[in-house]
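> here is a sequence together with a model predicted from it:
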Amino acid sequence: MSYDLHQRRAGVLLHPTSFPSGKLGDAARWLDFLEATGLSVWQVLPLGVPQDDLSPYQCLSAFAGNPALLDEMEMLDAASGDFRAYCREQHYWLEDYALFRIIKELQQDRAWFQWPEELKWRNHEALAIVSETHADALLELKWEQYQLHNRWQALKQEAHRRNIRLFGDMPIFVAHDSADVWANPKRFLLDEQGLPAWVTGVPPDYFSETGQRWGNPHYDWEYHKEENFDWWVARMRNHFEWFDLVRIDHFRGLQAVWMIDADAGPKADLGPIAIKGADAVDPDFIRTYSRLKAGQAYSPEELTDAANRLRTLKTFDSVVINTGDSLDENGQLPTTITVKDGKFRYFGFG
C-alpha cells in the first residue's frame, strides 16, 4: 500500500521491546490503542538482531529481523513450499547470515575478523564443511527469519486495515562485526586484516561539542558504484517490504560524515571500568582479569586483548567492551565491559 504524503498524520514511536511482554504478541492491543486515539503512524527503531550491547543500531545483519520478538513459533517444516520459496527469494542475504551466526557461535562469539583464516576469508571448502555439519541449525535460523517475516507481514496487513502506517528505521552504517561486512568485505574500507582503515563519525554540533566517533567501517563507494549499488537497492527494497516509511538514521551521517583514521582513537584515558551483565561472577574479578584500569591510555588493541583474555576463561557466553562517544566530566572515556554469564559454578573475589 502506497503512503499518501499529502495526508496529515500523527503517530507514536514505540519499539516492540517496550511492550509489556517485549514481543509482538502485544501488537494487536497496541494497534487497538492507535486506532482508538486516531493515531495512524507507528514508528519503531531498527528491528535487527542486536549485538551483546543490545543496541538496535549495531546489528548482526542489515537484513535479518530479531526472532526474539516472536511470542510463538511453529515447528520447523523444511518441506514447506512457502518456506522454500522464502529461502530462494531471500537467498542474497539469508545464507550468509545463517552461516555467520553458526560460525560465530562455534567461535565463542568472537568477531569474524578474529576467526581462523579459512573462516575469516570464507574459504569455500571450510564453509562447505560448516554447512554440511550444521545443516539442521542453519535450517532453524532460516526458519526463524521466515516465521518473523510472516508474523510481521500479517501485522502490517492488520495495521493497513485500520489505516495505520508502519514507519521503520534504517542505520546508515552497519556494524563491523556483521554478516554484511564478513560476506562482502570489498564493500567496505578495510585493511588486509579485515579491520577498518577508516571509521565513521560526525563533526561537532549542537548535540556534541567534540563531535562523535561512531566507529563503523566506511563504505567503499567506488566499489558500490561498480556494483550499481546493488546492496543498497536490496537493502532499501527489504525495508520497504516491512514498512511504509523508512528513516535513514541519521541525516547527519548523510550530510557531514567524518572519515576518522581507525588507528587514531580517542585522545583520552579510560574512565572507571563499568561491568554489566555479570550475575554470577564478581565484577571486581572481571575488572582485574581484563587488566583494564581507569586512567590508562586508550588503545583499541588493549581493549581487544582484554576481551579475548576474558573469553579464554570459557566462563561467559559473550564478552563485549565498549567505550563512550564522548568524554565524561573528568575528561575520561567511559568504558563498559558487558558479559553474558554461561553455565558454570560461581567464583570471584571475597
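Thanks, I have the structure now.

> quick one: secondary structure of the residue nearest to residue 23 when sequence neighbours are not counted?
In this structure, residue 23 finds its nearest non-sequential neighbour in residue 71, 4.1 Å apart by Cβ to Cβ, 6 or more residues apart in numbering. From N, CA and C alone the C-beta is placed, and that goes for glycine too. Secondary structure assignment for residue 71 (DSSP: H, G, I helix; E, B strand; the rest coil): coil.

> quick one, phi/psi of residue 71?
Backbone torsions of residue 71, given as degrees, to the nearest 10, read phi -90, psi -20.

> OK, contacts around it?
Counting by Cβ atoms under 8 Å, 6 or more residues apart in numbering, residue 71 touches 21, 23, 24, 25.

> what's the spacing between the third one and residue 34?
Note on residue 24: its distance to residue 34, by Cβ to Cβ, to the nearest Å, is 15 Å.

> geometric centre of the protein: which residue is closest?
By Cα atoms, centre = their mean, the chain has its centre lying nearest to residue 59, at 0.6 Å.

> excluding chain neighbours, what is closest to that residue?
Of all residues beyond its chain neighbours, the one nearest residue 59 is residue 48 (3.2 Å), with distances taken as Cβ to Cβ, 6+ apart.

> also residue 334?
Closest residue in space to residue 334, ignoring its immediate chain neighbours: residue 324 at 3.6 Å, by Cβ to Cβ, 6+ apart.

> verify the stated contact: the one you found with residue 333.
Yes - at 5.9 Å, residue 324 and residue 333 qualify as touching, with contact defined as Cβ atoms under 8 Å.

> shared neighbours, those two?
What both residue 324 and residue 333 touch, as defined by Cβ under 8 Å, 6+ apart, is the set residue 271.

> compare neighbour counts for those two and give me the winner.
The neighbour count for residue 324 versus residue 333, taken as other Cβ atoms under 10 Å, is higher for residue 333 (21 against 16).

> tell me how far that one lies from residue 320.
Using Cβ to Cβ, residue 333 is found at 16 Å from residue 320.

> same deal with residue 27?
Counting by Cβ to Cβ, the gap from residue 27 to residue 320 is 30 Å.

> tell me the contacts of residue 322?
The contact partners of residue 322, by Cβ under 8 Å, 6+ apart, come to 53, 335, 336, 338.

> what's opposite the third one in the beta bridge?
What it means is residue 336. Beta-bridge partners for residue 336, by DSSP bridges, are residue 274, residue 322.

> quick one: contacts for it?
273, 274, 275, 276, 321, 322, 323.

> output these in CSV; the columns should cover distance to residue 194.
As requested, the contacts of residue 336 are arranged in CSV below (distance: Cβ to Cβ, whole Å):
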residue, distance to residue 194
273, 27
274, 28
275, 28
276, 27
321, 18
322, 20
323, 21
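
> any of those residues buried? List them.
273, 275, 276, 321, 322, 323 (16 or more other Cβ atoms under 10 Å).
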